[in-house]
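Q: need a 3D model of the following:
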Amino acid sequence: MSDQLPSIKIKSCSPLRNFAKELLQKILLEEGDLERVKNRLPHLSFIVSDEDPTQVSFQLLSSSRRGLFLFFFEMITHWLQPGKKLTPNLTYAFDFSIPQWGEKSYFFAELVIDFGSESERKLSLEGFSRFAEEISLGIASPFCAQMILEMKGFSEDLQTKQVQRFAFYLSERYPDLFGREFVKRVQRSLLLLPDPFRADRTARHLSRLIIYQYRLEEQLQDSSARVQVKVFPSILRHKGYFRSALSISIAANLKEPKEFLSETEAVELMQKLTEPLEIIPGSIFRFRGQLYFEVKKQSEERFTAEEVARVKREFPHSVEGAIKQLNYPLLMPRNEEEIIRKMVQLNGEVRYVSDPPQLTISFEEQTLNELIYHVVLLRVVKKESLPITELLQRYDQQNTFQLEMTKQMGILRKRYPVEAYLLIASLPKERFVRKSHINLYRARQYLVKEMKEMVGPLRDFNGGMLSREQELLSKIQTYAPFVDETTTEALFYAIDPPIMRTQIDASLAGELFSKIDKLLDDPYSDNGPLFDESLEEGVIAVMTTNSSALQKRVKEVALPLCETSHDLAITSIQRGGRICLGVAFRSPETKQRSLFKESLNGILNK
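A: Residues are numbered from 1 along each chain as shown. Down below sits the predicted model:
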């Protein structure tokens, strides 16, 4: 009989070596022809103990590969009886070779499980044939093994090992891209990721997240760009079912200590490219200058291939707007003497009964959620005038204003009282937040509008230039309807010289802003300059550059060609690492226009 035993070389020094060798020889003899056994691998079987029917031995015979025992152990102990972890009484595994099969290594493992009762054993083994098919697929392919475990849900230890194993594989296969620092980064990231975050995501998803963040950081160091972004579709487990999501990983070079990446701003930028989105709770993960989060559609529908492609193509060019600065609350303590001085000053402006109410608005405080102004209003109280308290009740439906002081400043023509009021105005800050700043001009304009609705036509005493600027900005927006409001405001307030914010022709500025916006939206466009000479008012030119000194050189060259300083306006905006410069030159003469064009071409050709 011993002559018929197959020769087996076990690659192990375990005390169970001889026992395992005998067991393996017994299994091979029972199967008969060795070649037939080899062709039928993997071979998975179980044996119920004759002495104790509650104990079952699970045996696996297959070709050897890395990670095979972990897969076999995880499937038997965690998923043979779903919802219950089984603890083996005996576990061992080893690699071996058989001379008749050549020099290739093979694998044998045994797990002995005590189910505690025969009913539990029968329940667990009812669907074993289908369960064995899953194990066979995982044994045949490491990829199938990973997918099977991901679909079932990893145990935390195995998930960590899968991620680490893939990191080691990358560092060995691509040492130039994923060196020793990458392996350390994986270890740190796994420690920082919260347990609930890891529970809903597969090992493959976690590996992609860490790889993308590492590569984005490397790309950021190797380029002049301030922001790098990666967008990829993903499937998440959530309460027993799967849902479609879009994963966004952003790496930024934060230049100031108070700068940070805002996920809400990033989502607002993405909303322009697809239907309404919302951040998946618990998906936000920050690491140094990096931000990772996931979004889903409010409708819970899957992202289409077209939507994903559009976000990948266009979102990286606007993501710089997600960099925000931490703003501490501001306080400018009110000076009561200054309030009285303003009241006296406004009183000096009223000489006739028909004079309109006088108004001053001053910024006072910025809290976490509000902008606070103090408003001084002075008016002639006529017979038909409503008391200020009644005006507030009637027109101030949002409780924007609070009356803090009323003071009679005198009597006009011995008949009409002149009253001054101190009002405290509180505005929700979120309404006036822009990409990189809070628009106090817009907040002030809103207050003027509210006061006009309350008391009728009035004179904005300390807002003459500001009012004129706001009127001109509104006109420009009608001439550039397709330009984002935030972009229009940024270009308008960047106009040099500042006096041109009240003097520039609205149609000329609208056309200039439209050309700049079009150039910004096309990252592959020519650097320019691109001219438009079809306008009656003058010539506009737009160009992109990496040099902040270009604006000064353009001004030096173009200003001598102007009859007055009001004939030239220059503005600029930075996006995606590029500076876009726009120039408006007002002149009816063809010769001057040609000289202007030649001058700009001469600067850029140097």
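Q: C-alpha only now, for contacts and for neighbours.
A: Noted.
Q: for stretch 543-555, C-alpha coordinates in CSV please.
A: Listed next in CSV are the C-alpha coordinates belonging to stretch 543-555 (Å, rounded to 0.1, in the frame of the first residue of the first chain):
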residue,chain,number,x,y,z
MET,A,543,-4.9,87.8,-23.6
THR,A,544,-3.6,85.2,-21.1
THR,A,545,-0.3,85.3,-19.4
ASN,A,546,1.6,83.8,-16.5
SER,A,547,3.3,87.2,-15.7
SER,A,548,1.6,89.6,-13.2
ALA,A,549,3.9,92.4,-14.7
LEU,A,550,2.2,92.4,-18.1
GLN,A,551,-0.7,94.7,-16.9
LYS,A,552,1.8,97.4,-16.0
ARG,A,553,3.6,97.2,-19.3
VAL,A,554,0.3,97.4,-21.2
LYS,A,555,-0.7,100.5,-19.3
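Q: helices or strands up against whichever helix in the chain runs longest?
A: Among the segments of the chain that qualify as a helix by DSSP state H, the longest is helix 203-222. Here helix 203-222 touches helix 156-173, helix 180-192, strand 227-238, strand 241-252, going by 3 or more Cα pairs under 8 Å, 6 or more residues apart in numbering; DSSP states H and E.
Q: angle of the second one against helix 203-222?
A: Okay, so that is helix 180-192. 130 degrees (axes from the mean of the first three to the mean of the last three Cα atoms, to 10 degrees).
Q: could you list the buried residues of helix 180-192?
A: The neighbour-count check on helix 180-192 (16 or more other Cα atoms under 10 Å) flags 182-183, 185-186, 190 as buried.
Q: quick one, what contacts Leu137?
A: Under the criterion of Cα atoms under 8 Å, 6 or more residues apart in numbering, the contact list for Leu137 reads 144-145.
Q: on that earlier part again, how far out from the middle of the chain is the longest helix of the chain?
A: On the basis of Cα atoms, centre = their mean, to the nearest Å, helix 203-222 is displaced by 15 Å from the centre of the chain it belongs to.
Q: tell me the mean pLDDT over it?
A: Across helix 203-222, pLDDT averages out at 83.
Q: neighbours around Thr486, how many?
A: Look at Thr486: counted by other Cα atoms under 10 Å, it has 14 neighbours.
Q: any buried residues in the helix or strand where it lies, and which?
A: For Thr486, the host element (DSSP states H and E) is helix 485-493. Applying a neighbour-count criterion of 16+ other Cα under 10 Å, one finds 487-492 buried in helix 485-493.
Q: need the residues that contact that helix.
A: Outside helix 485-493, the residues touching it (Cα under 8 Å, 6+ apart) are 434-435, 473, 477, 501, 513, 517, 571-573.
Q: put together CSV for these, with pLDDT on each row.
A: Formatted as CSV, the entries for those read as follows, by pLDDT from 0 to 100:
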residue, pLDDT
Arg434, 67
Lys435, 58
Leu473, 85
Gln477, 87
Arg501, 85
Phe513, 88
Asp517, 84
Thr571, 89
Ser572, 87
Ile573, 86
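Q: please flag which of those sit within helices.
A: Helix and strand membership here follows DSSP H; of the contacts of helix 485-493, those in helices are 473, 477, 501, 513, 517.
Q: distance of Leu236 from Thr202?
A: Taking Cα to Cα, to the nearest Å as the measure, Leu236 and Thr202 are separated by 8 Å.
Q: more crowded one of these two?
A: When Leu236 and Thr202 are compared on other Cα under 10 Å, the one with more neighbours turns out to be Thr202, at 24 against 17.
Q: quick one: the more buried one from Arg180, how far?
A: With the distance defined as Cα to Cα, Thr202 ends up 24 Å from Arg180.
Q: now do Leu273
A: Separation of Leu273 from Arg180 (Cα to Cα): 39 Å.
Q: Pro356: what's it in contact with?
A: By Cα under 8 Å, 6+ apart, the residues touching Pro356 are 379, 457-459.
Q: same deal with Gly463?
A: Taking Cα under 8 Å, 6+ apart as the criterion, Gly463 is in contact with 360-361.
Q: over to the one 3 residues further on?
A: Each residue near Leu466 by Cα under 8 Å, 6+ apart is listed here: Tyr441.
Q: quick one: it is in a helix?
A: Yes. Checked against DSSP: H, G, I helix; E, B strand; the rest coil, Leu466 lies within a helix.
Q: quick one: which of the buried residues of helix 485-493 is nearest Val227?
A: Sorting the buried residues of helix 485-493 by how near they are to Val227, with Cα to Cα, puts Thr487 at the top with 18.9 Å.
Q: may I have the longest helix of the chain as CSV, with CA atoms only?
A: Coordinates of each C-alpha in helix 203-222 appear next as CSV, following Å, rounded to 0.1, in the frame of the first residue of the first chain:
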residue,chain,number,x,y,z
ALA,A,203,-10.8,47.9,-0.2
ARG,A,204,-10.6,48.7,-3.9
HIS,A,205,-12.3,52.1,-3.2
LEU,A,206,-10.0,52.9,-0.3
SER,A,207,-6.9,52.0,-2.4
ARG,A,208,-8.1,54.3,-5.2
LEU,A,209,-8.7,57.1,-2.8
ILE,A,210,-5.2,56.9,-1.2
ILE,A,211,-3.5,56.5,-4.6
TYR,A,212,-5.2,59.5,-6.1
GLN,A,213,-4.4,61.7,-3.1
TYR,A,214,-0.8,60.6,-3.2
ARG,A,215,-0.5,61.2,-7.0
LEU,A,216,-2.3,64.6,-6.8
GLU,A,217,0.1,65.7,-4.2
GLU,A,218,3.1,64.7,-6.3
GLN,A,219,1.6,66.4,-9.4
LEU,A,220,1.1,69.6,-7.3
GLN,A,221,4.8,69.7,-6.4
ASP,A,222,5.9,69.2,-10.0
